[in-house]
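Participant: The sequence isn't on hand, but the structure is:
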């Protein structure tokens, strides 16, 4: 892990046992508030069902991949994070140690890339529509006029000329 990673240790009853300074900085909680918090207070509500399942699986000694979710801050804001967890023995019992990385910048960059892709596609559609209107539109109008002129009686030479143009 690096110095910008938050670390949290959670017991099997969802109690938060230990956190590092980075966790406090990200969430805005104070060290004195940590003993009253449970994991369910920190994980954003929409991720709780998935997290509950993962939590049980970790305590069954299953290794699971890194997960992206959101955590709650004291200010009620959420922060997008990546969490990598491992089951450890902590003070005589099993606990889950999780390394939490703030991925706000990554999400912002992904959104900028997506916006750029969408903008580029829209410009290409506009260019295609402009070309269709400027090039194909007049051509179709000309064809319509030639076909319309065929409905009037005309000599063979004019008829052949119109067919040749079409």
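Facilitator: Everything's here; your move. Bear in mind the structure is a predicted one, so any value in this text is a computation, not a measurement.
Participant: can I assume residue 69 sits in a strand?
Facilitator: Yes - using DSSP: H, G, I helix; E, B strand; the rest coil, the assignment for residue 69 is a strand.
Participant: And the closest residue in space to it that isn't next to it in sequence, how close does it get to residue 105?
Facilitator: Leaving aside its sequence neighbours, residue 69 sits nearest to residue 47 (C-beta to C-beta, 6 or more residues apart in numbering; 4.2 Å). Heads up, the C-betas are built off the backbone N, CA and C, glycines and all. Residue 47 sits 20 Å away from residue 105, going by C-beta to C-beta, to the nearest Å.
Participant: Between those two, tell me which one has more neighbours.
Facilitator: residue 47 (17 against 9; other C-beta atoms under 10 Å).
Participant: Isn't that one up against residue 70?
Facilitator: Yes - look at residue 47 against residue 70 with C-beta atoms under 8 Å: they come within range, at 6.4 Å.
Participant: for the longest strand along the chain, packing partners?
Facilitator: Ranked by number of residues, the top strand in the chain under DSSP state E is strand 78-90. If you count contacts as 3 or more C-beta pairs under 8 Å, 6 or more residues apart in numbering; DSSP states H and E, strand 78-90 packs onto strand 6-11, helix 21-27, helix 48-59, strand 67-72, strand 93-102, helix 104-131.
Participant: For the ones you listed, give me CSV that also has mean pLDDT and distance to residue 137.
Facilitator: CSV is the format used below for those (pLDDT from 0 to 100; distance: least, C-beta to C-beta, whole Å):
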stretch, mean pLDDT, distance to residue 137
strand 6-11, 95, 59
helix 21-27, 95, 57
helix 48-59, 93, 53
strand 67-72, 95, 48
strand 93-102, 95, 52
helix 104-131, 87, 10
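Participant: Would you mind finding the most buried of these?
Facilitator: strand 6-11 (a mean of 20; mean count of other C-beta atoms under 10 Å).
Participant: Partner strands of whichever helix or strand comes after that one, with direction?
Facilitator: Proceeding N to C from strand 6-11, the next assigned helix or strand is strand 16-19, under DSSP states H and E. Strand pairing for strand 16-19, using DSSP bridges, gives strand 6-11 (antiparallel).
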